[in-house]
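Trainee: got a structure for you, letters missing:
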């Protein structure tokens with residue numbers, strides 16, 4: 001699942017400066033260059049706009065067959081298009097995931113890091129949040145009840161808020177260096 005973050009208070013252990021909102025990916029069609037050539041479908045347009053509007057993207061994933069679900073691959077495919085102007089390019093991204101297995105989502109997150117590196121997203125360095133035995137850490141309403149995992153989640157979100165701020169400063173510096181005015185100094 002994709003989540004966009006921006007600057008207002010939020011629950012769920014987020015940093016006080018962070019607001020977290022889901023970005024829908026379930027309605028995205030499989031990526032197809034022929035469809036893209038005719039113009040992005042409405043769900044893709046909305047998805048890309050949500051990524052562009054977010055200061056950062058938090059990806060929460062399960063692990064299926066040692067990797068990420070197909071719908072997440074589809075989202076990254078669309079978010080990486082078009083080359084040079086893709087909404088994921090340069091976007092701060094943090095990863096987390098939950099699984100009933102003993103290894104959490106370690107393999108899925110490794111897979112995500114590879115994909116996101118290829119599309120030039122700015123992925124938060126480890127440690128990630130890898131929730132193992134997830135069925136024991138959430139209640140029937142899917143609320144996280146395991147206190148140790150809640151602390152790790154809170155720390156991840158605080159690090160992510162700082163990462164977004166650092167990346168914003170880096171972007172401003174890169175734009176200033178690339179501007180025509182700085183070339184004449």
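Mentor: Sure, I can see it. Because the structure is predicted, anything quoted here is derived from the model rather than measured.
Trainee: So which residues of the chain form helices?
Mentor: 33-38, 42-53, 70-79, 106-118, 147-178, 180-183 (DSSP state H).
Trainee: where does this structure have low pLDDT?
Mentor: 1-17, 181-185 (pLDDT under 70).
Trainee: cutoff 80 now
Mentor: 1-17, 179-185 (pLDDT under 80).
Trainee: returning to what we had before: kindly reformat the helices of the chain as JSON lines containing mean neighbour count and distance to residue 63.
Mentor: Yep, even glycine has a C-beta here, placed from its N, CA and C like the rest. Shown next, in JSON lines, are those (neighbours: other Cβ atoms under 10 Å; distance: least, Cβ to Cβ, whole Å):
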{"stretch": "helix 33-38", "mean neighbour count": "10", "distance to residue 63": "28"}
{"stretch": "helix 42-53", "mean neighbour count": "16", "distance to residue 63": "22"}
{"stretch": "helix 70-79", "mean neighbour count": "20", "distance to residue 63": "11"}
{"stretch": "helix 106-118", "mean neighbour count": "17", "distance to residue 63": "4"}
{"stretch": "helix 147-178", "mean neighbour count": "15", "distance to residue 63": "16"}
{"stretch": "helix 180-183", "mean neighbour count": "8", "distance to residue 63": "45"}
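Trainee: To residue 19, which of those helices lies closest?
Mentor: helix 147-178 (10.5 Å; Cβ to Cβ).
Trainee: For the closest one, what is the distance to the chain centroid?
Mentor: 12 Å (Cα atoms, centre = their mean, to the nearest Å).
Trainee: Can you spell out which helices and strands pack onto it?
Mentor: strand 2-6, strand 56-61, strand 92-98, strand 129-131 (3 or more Cβ pairs under 8 Å, 6 or more residues apart in numbering; DSSP states H and E).
Trainee: what about 7 Å?
Mentor: Helix 147-178 sits against strand 56-61, strand 92-98, strand 129-131, with contacts defined as 3 or more Cβ pairs under 7 Å, 6 or more residues apart in numbering; DSSP states H and E.
Trainee: If we ignore the residues flanking it in sequence, what's nearest residue 80?
Mentor: residue 119 (3.9 Å; Cβ to Cβ, 6 or more residues apart in numbering).
Trainee: Kindly report the same for residue 138.
Mentor: residue 144 (5.7 Å).
Trainee: List the contacts of the spatially closest residue to residue 52 that is not a sequence neighbour.
Mentor: Among residues not flanking residue 52 along the chain, residue 87 sits closest, at 4.7 Å (Cβ to Cβ, 6+ apart). For residue 87, the contacting residues are 48, 51-52, 79, by Cβ atoms under 7 Å, 6 or more residues apart in numbering.
Trainee: Would you mind measuring from residue 87 to residue 173?
Mentor: Note on residue 87: its distance to residue 173, by Cβ to Cβ, to the nearest Å, is 21 Å.
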